[in-house]
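A.B. asks: predicted model, plus sequence, below.
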Amino acid sequence: MATSVITVPAFATPRDGVAHFFGTRKHAETVACEIGVPVQAHGRAWILSVKQVHGTDALVIDRPVTGADRFERGWDALVTDQPGVTVAVRTADCVPVLVCDRRRRAVAAIHAGWRGAVAGIVPKTIQLMVARFSIGESDLRVSIGPSAGACCYEVDEAVLAPLRSCCSDWPSVLQDDRGTKARLDLKALVQRQVTQSGIQPEHITAVNLCTICHSDLFYSYRREGRVNGTMLSGITLMRRG
């Protein structure tokens, strides 16, 4: 396939004032994005990706950025109300989650691996957006991107123990549960958390592609056994006028 990026029109379009993309390995080969440093692209637009640490902290960008800015700490979510700033996350099996409020004009990009998902990075970022920008949950739209699927993502007790301890409905996101091993539906876990955060199911979309299965489209840490590359997924509030 020649696909470079994947978009979800039911989630957001330029007509809504929002541009977004879930990247593929082909896209990753053509995009330069220095970690922690805003990269200028297409005139006044900026792309920002930061160091990811599998935590639950979010970086809020509520002022214009410049090429002199440096964001050197670790965050796994980026939130902004600044037009022309693409907030982006990098994944290679973890779940990229994009969030937007087209009415009050705020967006977020979230990196949710199993550690971050179990620790609640997605609902915490949604709560942060609601509080920081006076957003109603009914105005939020969420799109969940390509990630390791339950078809391939076998996990052991190191993942299962914290999952069972923090998620009361953990059986619903496991398949082929053998006690000490099971296949985890990470995307389903994230989707349940989004719904529990007050987002209506009809406002949630997902790209149901497994990064482990589709070697032609995606890098996969699980399949390749090392980081050969990562996909970039991002979202932008478009400038008006």
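C.D. replies: Good, I have the coordinates.

A.B. asks: scan the chain for its longest helix.
C.D. replies: helix 121-133 (DSSP state H).

A.B. asks: for Gln196, grab phi and psi.
C.D. replies: phi -70, psi -20 (degrees, to the nearest 10).

A.B. asks: roughly how far does it sit from Gly116?
C.D. replies: Distance, Gln196 to Gly116, by CB to CB, to the nearest Å: 16 Å. All C-beta atoms are positioned from the backbone trio N, CA, C, and that covers glycine.

A.B. asks: now do Arg132
C.D. replies: 19 Å.

A.B. asks: try Cys100
C.D. replies: Note on Cys100: its distance to Gly116, by CB to CB, is 20 Å.

A.B. asks: tally up the residues packed near Arg90, please.
C.D. replies: 24 (other CB atoms under 10 Å).

A.B. asks: helix or strand: which one has it?
C.D. replies: Per DSSP states H and E: Arg90 is located in strand 85-91.

A.B. asks: now His27
C.D. replies: Counting by DSSP H and E, His27 is found in helix 25-28.

A.B. asks: quick one: mean pLDDT over the following helix or strand past that helix.
C.D. replies: Counting by DSSP H and E, the next helix or strand C-terminal to helix 25-28 is strand 39-41. Mean pLDDT, computed over strand 39-41, is 85.

A.B. asks: the helix or strand just after strand 39-41 vs strand 85-91, what angle?
C.D. replies: Next along the chain after strand 39-41, taking DSSP H and E as the criterion, comes strand 45-49. Angle, strand 45-49 to strand 85-91, by axes from the mean of the first three to the mean of the last three CA atoms, to 10 degrees: 30 degrees.

A.B. asks: so which of Gln196 and Gly116 has more stuff around it?
C.D. replies: Neighbours were tallied for Gln196 and for Gly116 using other CB under 10 Å; the higher tally belongs to Gly116 (26 against 12).

A.B. asks: I'd like to know which elements the helix or strand containing that one is packed against.
C.D. replies: Following DSSP H and E, one finds Gly116 within helix 114-119. When contacts are defined as 3 or more CB pairs under 8 Å, 6 or more residues apart in numbering; DSSP states H and E, helix 114-119 sits against helix 157-166, helix 186-196.

A.B. asks: next structured bit after the longest one?
C.D. replies: Right, the one you point to is helix 186-196. Toward the C-terminus, helix 186-196 is succeeded by strand 204-206 as the next helix or strand (DSSP H and E).

A.B. asks: repeat for the first one
C.D. replies: Elements were assigned by DSSP H and E; along the chain past helix 157-166, the next helix or strand is strand 174-175.

A.B. asks: can you list contacts of that next one?
C.D. replies: Residues outside strand 174-175 that contact it (CB atoms under 8 Å, 6 or more residues apart in numbering) are 150, 160, 163, 182-185.

A.B. asks: quick one, what contacts Met238?
C.D. replies: With contacts defined as CB under 8 Å, 6+ apart, Met238 is in contact with 14, 17-19, 83-84.

A.B. asks: so what pLDDT did it get?
C.D. replies: 93.

A.B. asks: can you tell me the closest non-neighbouring residue to Leu184?
C.D. replies: Val155 (4.8 Å; CB to CB, 6 or more residues apart in numbering).
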